[in-house]
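Engineer: based on what follows, work out the 3D shape:
(chains A and B)
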Amino acid sequence: MFGIVLLAVLVLAALWLVGQFNGLVALRNQAQNAWAQIDVQLKRRADLIPNLVNTVKGVMKFEQETLEKVMNARARALSATSIAERGAAEGELSQGIGRLFAVMENYPELKSNQNALQLQEELSATENKIGFARQFYNDVVMKFNTAQQVFPTNIIAGMFNFKPSEFLQMPEADRAVPAVDLSTS
Amino acid sequence: MDTSALVAPPRATFYQLQAANRRNSILLVLVFVALVGALGLGLDVFFLGYDPSGQRGLPFPIATFGGIVFGALYAMQGWYFGASQVLGASSARPANPANPAEKQYLNVVEEMAIAAGMPPPTAYVVPDPDPNAFAVGRDPAHASIAVTEGLLATLDREELQGVIGHEMSHVKNLDIRAMTLVTALFGAATLLADVARRGLYWGGGGRSSRRDSRDSGGSGGAIMLVLFVLWILLAILAPLLGQLLVFAVSRSREYLADASGAELTRNPLGLASALRKIASAHEPTRLINQGSAHLCITDPRGMKLNDQEGGMANLFGTHPPIGKRIQVLESMAGVVGDSAPIQG
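Structural biologist: Predicted coordinates:
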C-alpha cells in the first residue's frame, strides 16, 4: 500500500516537473519568436528609408541636415552588435524619422506626391509595427522572467539553467500628442 | 451585470477571457444537446407513439436521435461556413492594397496582429457608406475582419487603429469563436423547434389526443399533459431564448473588447474618438444583415434601444450604450496617464 502511494506521488511530481519545464521552454521560444518579429520590421524600415530620402531629397533642399542624420542613424543601427547598442541606434532612428515627418509637413508639394505619401504610410506602419512588436516582446520577456523567479518554478529554472531574457529599451521618439476632438457634436 | 464595468474597467487577462469563453462554449454545447434532445423526445413520445418503457409503439426514439444527428450536422456546417456566409451576405470584398486608404487599413490590421501576437486576420471591405466594423471566424487562425467604406472614409489612422484593436480583441479573446458557435447551434435549434411546431399542426388533432384519451384513466395522463404543455412552450420559446442569449453574450463582451483593445493600442482615446464619430452617423448599415448585428462594433440596425439601459435594452440590445463606452474609455485614459502602464 505504502509503495503504491509513494509511486503515485513520484509520478505526479514527475508530471508536474515536465509541465513546468515545458511551460518555460514555450515562453523562451515565444520570446525568441517575438524578437525575430522585431528584427523583420527593423530590417524593413532600414530598406524603406533610402527610398523615402531619395524621393524627398529634390524637394527638401533646405533640410539636407535632417536627411543626413536619418541616414547616419540608419547606418549605425545596421552595424550595431549588441542589443543595447542596437536599441539606442534604432531609437535615434525613430526620432530622426519623426523629425523628418514633421518637416515634411512644411512642403505642400510633397502632399500631392503619391510616391512620397505611399512611402510615408509604409514607414509609419513599420514604425508602429516596431513599437507593437517591442511591446509584445517585452510582455513575453516579463512573463518569462517572472516565471523563472517565482516559487516553485524558480527551482526548475535553476536546475535547467534558464537565463532571464533582456528587455529591449529604445529611447522614445517624441510622439506628437494625439489630436482628439473632445467636443460633443 | 454590465454596470460593474463602469466603476473599474475590467482588467482580466486575455488568458482568463479565453478560459471563460472555452468554459461557456462547452456549457453551450451541453445546453444545445439537452434542448434538441428534449424537442426530439417530445416528438417521439407525443406524436410517433414512442414508449420509454418499451412495451408498445416505436421501440427506438427516432426523432430524438435524428434531431441530435441532424442538429450536429447543421451546426457543423454553420461552424465551418458561417463566417463566409456572413461575409457573403454583407457583400464584403478583400481589401485592395492598390487603394491608399485600404492599404492603410491593411497596415493597421498587421500592426494590431503584431501587438496581439497573432497571425493577421484576412481584411475585408464592405461597400456601405455607414461607418461600422465586425470580426468573424471560428478561431484566430481563420479569423476575418471587415470594415465599411464609410468607416475608412470617416476615421483617421489613430481612430482606425482603435477600432481594429477592438475587433482584434474579439478575435484574441475567442469571442468570435463563441459567437460562431452560438449562431451555429441556435440556427440548428431554431430549425428543429420549427419542425417540432409543425408536428403540432399535422399531428396535433390526431394521434396525441387519441393517446391522451387512452391514458386519461391513469394518473400518468395528467403528468403527460403537463409535460406536453411544457414541450409546446419549449418549441415556441427556444428560438426567442436563443436570440436573447446571443444578445446577452454580445453585450457583455463589448466593454471587455473595448478595454483589451485599448491594451493593444495603449491608446483608449483613439477608440473613444472613433466611437464618437460612429455614433454621430447613427444610420442603419444597410448591407449588414440584421442577424449579424451582434458581431459589429456598434449596432448596425441604428436602433435607439442601444442608447438606453435597463428594461428592453437589457434584453434586446446587442451593445451597451455608446456614451457609456466612450466614458469608460476616457476614464481609462486618465488611469493610464496617472499610474503605471497597463500590462498586457
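Engineer: pull the longest helix from chain A.
Structural biologist: Secondary structure of chain A per DSSP state H: the longest helix is helix A:2-57.
Engineer: counting contacts, what elements does that one pack onto?
Structural biologist: helix A:64-79, helix A:83-104, helix A:114-149, helix A:153-159 (3 or more Cβ pairs under 8 Å, 6 or more residues apart in numbering or on different chains; DSSP states H and E). Every C-beta, even on glycine, is put in place using the N, C-alpha and C of the backbone.
Engineer: would you tell me what the next helix or strand after the helix or strand harbouring residue B:37 is?
Structural biologist: Using DSSP states H and E, residue B:37 sits in helix B:14-46. Per DSSP H and E, the first helix or strand lying C-terminal to helix B:14-46 is helix B:62-89.
Engineer: give the pairing partners of the following helix or strand past that next one; include direction for each.
Structural biologist: Counting by DSSP H and E, the next helix or strand C-terminal to helix B:62-89 is strand B:93-94. Strand B:93-94 pairs in its sheet with strand B:122-126 (antiparallel), by DSSP bridges.
Engineer: just the angle for the strand it pairs with relative to helix B:62-89, thanks.
Structural biologist: 70 degrees (axes from the mean of the first three to the mean of the last three Cα atoms, to 10 degrees).
Engineer: contacts for strand B:122-126, please.
Structural biologist: B:87, B:90-96, B:102, B:105-106, B:109, B:132, B:143-149, B:152, B:285, B:287-288 (Cβ atoms under 8 Å, 6 or more residues apart in numbering or on different chains).
Engineer: which of those residues are buried? Put it as a PyMOL command.
Structural biologist: Burial among the contacts of strand B:122-126 is assessed by 16 or more other Cβ atoms under 10 Å in any protein chain shown; the matching PyMOL selection reads:
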select buried, chain B and resi 87+90+92+95+102+105+106+109+132+143+144+145+146+147+148+149+152+285+287+288
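Engineer: so which of the contacts of strand B:122-126 sit within strands?
Structural biologist: B:93-94, B:144-148 (DSSP state E).
Engineer: and which of these is nearest residue A:117?
Structural biologist: Checking the ones in strands among the contacts of strand B:122-126 against residue A:117 with Cβ to Cβ, the nearest one is residue B:147 at 20.8 Å.
Engineer: does that closest one touch residue B:159 like I think?
Structural biologist: No - in terms of Cβ atoms under 8 Å, residue B:147 does not count as a neighbour of residue B:159; the distance is 11.5 Å.
Engineer: shared neighbours of these two, anything?
Structural biologist: With Cβ under 8 Å, 6+ apart, residue B:147 and residue B:159 have no common neighbours.
Engineer: next up, the contacts around residue B:151.
Structural biologist: Per Cβ under 8 Å, 6+ apart, neighbours of residue B:151: B:131-133, B:160, B:163, B:278.
Engineer: tell me the one among those residues nearest to residue B:300.
Structural biologist: residue B:132 (5.3 Å).
Engineer: need the contact list for that closest one.
Structural biologist: B:126, B:147-148, B:150-151, B:278, B:285, B:288, B:296-298, B:300.
Engineer: take these and lay them out in a markdown table including pLDDT.
Structural biologist: Output for the contacts of residue B:132, formatted as a markdown table (pLDDT from 0 to 100):
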| residue | pLDDT |
| --- | --- |
| B:126 | 92 |
| B:147 | 94 |
| B:148 | 93 |
| B:150 | 91 |
| B:151 | 93 |
| B:278 | 87 |
| B:285 | 73 |
| B:288 | 73 |
| B:296 | 81 |
| B:297 | 80 |
| B:298 | 81 |
| B:300 | 75 |
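Engineer: which ones among the residues you listed lie within helices?
Structural biologist: Per DSSP H, the contacts of residue B:132 map to helices at B:150-151, B:278.
Engineer: still on that earlier bit, export the helices and strands packed on helix A:2-57 as a markdown table, with columns for mean neighbour count and distance to chain B.
Structural biologist: Converted to a markdown table, the helices and strands packed on helix A:2-57 look like this (neighbours: other Cβ atoms under 10 Å in any protein chain shown; distance: least, Cβ to the nearest Cβ, whole Å):
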| stretch | mean neighbour count | distance to chain B |
| --- | --- | --- |
| helix A:64-79 | 16 | 19 |
| helix A:83-104 | 19 | 12 |
| helix A:114-149 | 19 | 4 |
| helix A:153-159 | 14 | 16 |
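Engineer: turn those helices into JSON lines, including distance to residue A:29 and mean pLDDT.
Structural biologist: Shown next, in JSON lines, are the helices and strands packed on helix A:2-57 (distance: least, Cβ to Cβ, whole Å; pLDDT from 0 to 100):
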{"stretch": "helix A:64-79", "distance to residue A:29": "26", "mean pLDDT": "88"}
{"stretch": "helix A:83-104", "distance to residue A:29": "18", "mean pLDDT": "86"}
{"stretch": "helix A:114-149", "distance to residue A:29": "10", "mean pLDDT": "88"}
{"stretch": "helix A:153-159", "distance to residue A:29": "15", "mean pLDDT": "85"}
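Engineer: tell me which of those sits nearest to residue B:69.
Structural biologist: helix A:114-149 (43.9 Å).
Engineer: which strands and helices sit next to that closest one?
Structural biologist: Going by 3+ Cβ pairs under 8 Å, 6+ apart, helix A:114-149 lies up against helix A:2-57, helix A:83-104, helix A:108-111, helix A:153-159, helix B:100-116.
Engineer: ok, the ones in helices among the contacts of residue B:132 vs chain A, which is closest?
Structural biologist: residue B:278 (12.4 Å; Cβ to the nearest Cβ).
Engineer: got a list of what the closest one touches?
Structural biologist: By Cβ under 8 Å, 6+ apart, the neighbours of residue B:278 are B:131-132, B:151, B:154, B:297-298, B:322.
Engineer: now stretch B:231-249: buried residues?
Structural biologist: Here stretch B:231-249 shows B:231-232, B:234-235, B:238-239, B:242-243, B:246-249 as buried, counting by 16+ other Cβ under 10 Å.
Engineer: among those, which are located in strands?
Structural biologist: Counting by DSSP E, the buried residues of stretch B:231-249 contribute nothing to strands.
Engineer: out of the residues you listed, which touch chain A?
Structural biologist: Counting by Cβ under 8 Å from any Cβ of the partner chain, nothing from these sits close to chain A.
Engineer: report pLDDT for residue 177.
Structural biologist: Defaulting to chain A. For residue A:177, the model assigns a pLDDT of 42.
Engineer: meant chain B actually
Structural biologist: Confidence score, pLDDT, at residue B:177: 86.
Engineer: which neighbouring elements make contact with the helix or strand hosting it?
Structural biologist: Using DSSP H and E, residue B:177 maps to helix B:175-204. Packing contacts for helix B:175-204, counted by 3+ Cβ pairs under 8 Å, 6+ apart, involve helix B:14-46, helix B:62-89, strand B:133-136, helix B:220-265.
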